[in-house]
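Colleague: Dropping the sequence and predicted coords here.
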Amino acid sequence: MEGDPERFDGVLLNIAQQSGSIDGILDCFFGFLQRKTDFFTGAQDEQAAEQMVLKYYKKHWKAGQKKRLEIQEKNRIADEERKQRAEEKRKKDEEEYQKRQEEMSKKSKIEEVTDEEAAKIKAEKQSKEEGSAASAASAAGAEEGSAEAKAASSAEAAVAAAEAEDKEDGADSKEPPPPGNGGSTDKYTWTQTLGALEVYVNVRPGVKAKQIICDIGTDTLKLGIKGEPLILQGKMHAKVKPDDCMWTLIDNKIVQITIEKFDTMKWWSCVMQGDDEIDTKKIVPENSKLSDLDGETRMTVEKMMYDQRQKALGKPTSDQEKQHDLLEKFKAAHPEMDFSKAKINYGGGGGGGGFNF
């Protein structure tokens, strides 16, 4: 066929859509030849028309087979590359998992000492105790220095301790807030918002979802793989909503647990009781997230943030300031009453203890 082979595609596609199948297309086409041409009536014998049909059928059959083989080869190469990448990823994941397991075993390994080393340690401890006793006896017998000198020494020590404490507090305040408002342990990493937590636990690469054991209770969490020791087991930091919690397996190597908090107005310092804790005073929610909250919730969150900052600075919370203002108004309304000798402690304020103005 001379010219562009696709120039009739629009017409043929319309015929194909209306015919509905290959059989319908062929029946329509040969019916057209029979009704409108002499393809059947003008041929000298049946073989001539049949050979003409087979000629073009074989032509396009060969082209189709060639394209089919090209697609098969392309798919084969893609499958091999995909399998190779999957195998490389599997090996890498296993190496990382083994490395983490070795690090965990090193941390939990108990150092053993021989009998000779134990005796040596015991002797050193005993000699230190004897030296301390001798020093105490010498100090008691000497009674050197006056009471004024001792008092000055105590004052200097108190000042030095206070300065050291202030310095430590200053260093702590320079530390950045925890990433994602969460933390990490040797078994998992976690992030949180006021309402929920996301916990990511590394498991053996290649594990299937049906092998995972994940039981979330009101305040307990149990996670592991069937037939293996549990990875997590114990009580959580606070109560949760078990029916709203869920878990999923990511890349057959990480279990992601979504936990909905029961109390949506408190930050968690840890996920499992006994694990490393974060400093919740350093948590600063993003402004964009605060703006997404409704008015009442946003006011509650901002009040909590303000109270946390006040407590960190040793100043009264918003509730304690409110109590103080009410008392001042009461004093102004009752000048005949004498409060000069009254010692007033403003308690409450979200569990932050009392405060004296």
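Modeller: That came through fine.
Colleague: can you give me the end-to-end distance of stretch 206-226?
Modeller: Counting by Cα to Cα, to the nearest Å, you get 14 Å between the two ends of stretch 206-226.
Colleague: buried set for that stretch?
Modeller: Buried positions in stretch 206-226, judged by neighbour count with 16 or more other Cβ atoms under 10 Å: Val207, Gln211, Ile212, Cys214, Ile216, Thr220, Leu221, Leu223, Gly224, Ile225. For glycine as for every other residue, the C-beta is placed from the backbone atoms N, C-alpha and C.
Colleague: now do stretch 227-245
Modeller: Within stretch 227-245, the residues that qualify as buried are Ile231, Leu232, Met236, His237, Val240, Pro242, Cys245, counting by 16+ other Cβ under 10 Å.
Colleague: So which of the residues you listed are in strands?
Modeller: Among the buried residues of stretch 227-245, DSSP state E puts Leu232 in strands.
Colleague: Out of the buried residues of stretch 227-245, the closest to Lys128 would be?
Modeller: Lys128 has its nearest neighbour among the buried residues of stretch 227-245 in His237, at 40.2 Å by Cβ to Cβ.
Colleague: can you give me phi and psi for the closest one?
Modeller: Taking degrees, to the nearest 10, you get phi -60, psi -40 for the backbone angles of His237.
Colleague: helix/strand/coil for the residue nearest to it when sequence neighbours are not counted?
Modeller: Taking Cβ to Cβ, 6 or more residues apart in numbering, and ignoring the residues beside it in sequence, His237 has Trp268 as its nearest neighbour in space, at 4.6 Å. Three-state call for Trp268 (DSSP: H, G, I helix; E, B strand; the rest coil): coil.
Colleague: can you pull the contacts of Trp268?
Modeller: Residues touching Trp268, when contacts are defined by Cβ atoms under 8 Å, 6 or more residues apart in numbering, comprise Gln192, Leu197, His237, Ala238, Lys261, Thr280.
Colleague: Surely Gly31 is in a helix?
Modeller: Yes: counting by three-state DSSP, Gly31 is found in a helix.
Colleague: give the contact list for it.
Modeller: So Gly31 contacts nothing (Cβ under 8 Å, 6+ apart).
Colleague: Stretch 199-213: how far from the chain's middle?
Modeller: Per Cα atoms, centre = their mean, to the nearest Å, the displacement of stretch 199-213 from the mean C-alpha position of its chain is 15 Å.
Colleague: what comes into contact with that stretch?
Modeller: 90, 93-94, 97, 100, 187-190, 222-226, 228, 230-232, 247, 249, 252-257, 259, 271.
Colleague: Of those residues, which belong to helices?
Modeller: Secondary structure assignment by DSSP state H places Arg90, Asp93, Glu94, Tyr97, Arg100 of those in helices.
Colleague: count of neighbours near the last one?
Modeller: One way to gauge burial is a neighbour count; for Arg100, by other Cβ atoms under 10 Å, it gives 13.
Colleague: now swap in the third one and tell me
Modeller: By the other Cβ under 10 Å criterion, the neighbourhood of Glu94 contains 14 residues.
Colleague: Quick check: the gap between it and Lys226.
Modeller: To Lys226, Glu94 is 19 Å away according to Cβ to Cβ, to the nearest Å.
Colleague: all helices of this protein, in order?
Modeller: Residue ranges of the helices in the chain, as given by DSSP H, are 9-19, 22-36, 46-108, 115-142, 147-173, 287-292, 295-312, 318-333.
Colleague: Turn those helices into a markdown table, columns for mean pLDDT and distance to Gly182.
Modeller: Output for the helices of the chain, formatted as a markdown table (pLDDT from 0 to 100; distance: least, Cβ to Cβ, whole Å):
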| stretch | mean pLDDT | distance to Gly182 |
| --- | --- | --- |
| helix 9-19 | 88 | 57 |
| helix 22-36 | 89 | 60 |
| helix 46-108 | 85 | 19 |
| helix 115-142 | 64 | 40 |
| helix 147-173 | 51 | 18 |
| helix 287-292 | 58 | 15 |
| helix 295-312 | 81 | 17 |
| helix 318-333 | 86 | 27 |
